[in-house]
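Engineer: Predicted model follows, preceded by the sequence.
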Amino acid sequence: MDKEKYLIFGAKLTSEDVDNSDLTVETTTSLVNPVSLLNATSGTDGIIEVQLKAHSGHTWGSTYGTVTAGQYYIINSSGYTVHASSGVVTIIAASSDGVNGVTLDASDANNDFRFNLLQHVDGGTLACFPASKFKGMQLVDDTTTDLYFEAGSGDIDDVDVVLVTHAAGKFKELAEMVNDAISSSGPSVVNFFVGGNGGATGTTIDAVAFNGNPAGITNVAITLD
């Protein structure tokens, strides 16, 4: 019996700026979709990174040393909490934690945050499909193509979809990539496309693509049934 081959797809790791906030900062689907994929350990597990642009009205905990106004600094994961399902990040004031906390300026206009997604989240930005479940592909436009897989939910009337963004006019090369990945005699797990940092500051994560990426894939979007 032939060993099953699996294809892994991962969207680009994203960055989101949320300006003019108070201690409670709400992330959006620009960072991860849905935001409920973030949970209480997303900070301590290194899934997200929280940065704050320093302002003269901030009071920083002792661990941060001297900060320069106008520059972004990473808040230690002990300096904030993440809600279990809403994607809301709550900053711990320096008055409560004099080491890791940060007391924000009284004016929300001086509190500008940046969130970086540092790891892929299963089901939202990362998915793995058995090659045997591949159903076909369809050109959406000159730079995007849908790949279809049997729905992991078992629904025979629906499919899971990976929308691939690629270089213009590269549908043929993408089709060849899919065929080569499925039919290759190489590893049983193929990182077909797993995006890197996507411009997120503070990260140095490179994208990984199958066979040198002849289709020029730049991103994928995963929609599960």
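Structural biologist: All right, it came through fine.
Engineer: what about the helices in the chain?
Structural biologist: Applying DSSP state H to the chain gives helices spanning 171-183.
Engineer: what about it, any weak spots by pLDDT?
Structural biologist: 1-2, 198-203 (pLDDT under 70).
Engineer: domains of it?
Structural biologist: 6-11+123-223, 20-111 (automatic domain parsing).
Engineer: Between the two ends of the first one, what distance do you get?
Structural biologist: Okay, so that is domain 6-11+123-223. 17 Å (CA to CA, to the nearest Å).
Engineer: Hmm, residue 28 is touching residue 16, no?
Structural biologist: Yes. Using CB atoms under 8 Å, residue 28 makes contact with residue 16 at a distance of 6.6 Å. Quick note: C-beta positions are derived from backbone N, CA and C, even for glycine.
Engineer: before we move on, the earlier item: Throw the domains of the chain into TSV and include distance to residue 117, thanks.
Structural biologist: Putting the domains of the chain into TSV (distance: least, CB to CB, whole Å) gives the following:
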stretch	distance to residue 117
domain 6-11+123-223	7
domain 20-111	6
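Engineer: is it possible to export those to TSV including mean neighbour count?
Structural biologist: Shown next, in TSV, are the domains of the chain (neighbours: other CB atoms under 10 Å):
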stretch	mean neighbour count
domain 6-11+123-223	16
domain 20-111	17
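Engineer: which ones are touching the residue nearest to residue 41 when sequence neighbours are not counted?
Structural biologist: Closest residue to residue 41 in three dimensions, ignoring its sequence neighbours and counting by CB to CB, 6 or more residues apart in numbering: residue 82, at 7.5 Å. Counting by CB atoms under 8 Å, 6 or more residues apart in numbering, residue 82 makes contact with 38, 39, 40, 41, 42, 43, 48, 88, 89, 90.
Engineer: now residue 94: how far from residue 64?
Structural biologist: 9 Å (CB to CB, to the nearest Å).
Engineer: so what's in contact with these two at the same time?
Structural biologist: With CB under 8 Å, 6+ apart, residue 94 and residue 64 have common neighbours residue 102.
Engineer: What spatial separation is found between residue 167 and residue 92?
Structural biologist: 45 Å.
Engineer: In this structure residue 18 contacts residue 91, no?
Structural biologist: No. Taking contacts as CB under 8 Å, residue 18 lies outside contact range of residue 91: 11.5 Å.
Engineer: Which residues are in contact with each of the two?
Structural biologist: With CB under 8 Å, 6+ apart, residue 18 and residue 91 have common neighbours residue 25.
Engineer: ok now do the nearest residue to residue 47 once chain neighbours are set aside, which residues does it touch?
Structural biologist: By the measure of CB to CB, 6+ apart, the closest residue to residue 47 outside its immediate chain neighbours is residue 119, 4.7 Å from it. The neighbours of residue 119, taking CB under 8 Å, 6+ apart as the test, are 13, 45, 46, 47.
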